[in-house]
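Q: 3D model of this:
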Amino acid sequence: MVRPVERSGHQHSVKLRNGGIVEPNPKAVYTKEFREEAVKLVIADGLGVSEAACQLSISMKTLANWVRAAKDGKLEDVGQHQRPLTEVEAEPGRVKRELAEVKMERDLLKKFATYFATESR
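A: This next block holds a predicted model:
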């Protein structure tokens, strides 16, 4: 799927409460629906911009820009003038998402194995 590209300036890694670190991607790709849902977390659900950005693993500045655009009625215009990613440019993001999913599945399997090993005793 071709989606508009969001680029922002200098970004810093974000340390999560669980100890993990999120490295923002300056060439991250966000769909219109993702932007709308992110803004909804802040405006409708009352979540703070920093909390919502952390949960979504996006830059706080990016989310704040979206919220400001939504309040001005211009969220639809965000990202329209960006060129779509080529297949080659999109590949690293797809591979990273796939790797994260596989790691999560691996960790769940480890937990299940530990649980069942202790239950069978």
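Q: Shouldn't residue 34 be within a helix?
A: Yes. The assignment for residue 34 (DSSP: H, G, I helix; E, B strand; the rest coil) places it in a helix.
Q: And for it, the neighbour number?
A: If you count neighbours by other CB atoms under 10 Å, residue 34 ends up with 16. The C-beta positions use only the backbone N, C-alpha and C, and glycine is treated the same way.
Q: Could you do residue 75 as well?
A: Other residues within reach of residue 75 by the criterion other CB under 10 Å amount to 19.
Q: so what's it scoring on pLDDT?
A: Among the per-residue scores, residue 75 holds a pLDDT of 85.
Q: quick one: the strands in this protein?
A: Across the chain, reading from the start of the chain, the strands by DSSP state E fall at 14-15, 21-22.
Q: Please save the CA atoms from stretch 46-58 in PDB.
A: Coordinates of each C-alpha in stretch 46-58 appear next as PDB, following Å, rounded to 0.1, in the frame of the first residue of the first chain:
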ATOM      1  CA  GLY A  46      -8.200  12.800  26.700                       C
ATOM      2  CA  LEU A  47      -4.800  11.200  26.600                       C
ATOM      3  CA  GLY A  48      -1.900  13.600  26.800                       C
ATOM      4  CA  VAL A  49       0.200  14.200  23.600                       C
ATOM      5  CA  SER A  50       3.300  12.700  25.200                       C
ATOM      6  CA  GLU A  51       1.500   9.600  26.500                       C
ATOM      7  CA  ALA A  52      -0.300   9.000  23.200                       C
ATOM      8  CA  ALA A  53       3.000   9.500  21.200                       C
ATOM      9  CA  CYS A  54       4.800   7.100  23.400                       C
ATOM     10  CA  GLN A  55       2.000   4.400  23.100                       C
ATOM     11  CA  LEU A  56       2.100   4.800  19.300                       C
ATOM     12  CA  SER A  57       5.900   5.000  19.100                       C
ATOM     13  CA  ILE A  58       5.800   8.300  17.200                       C
END
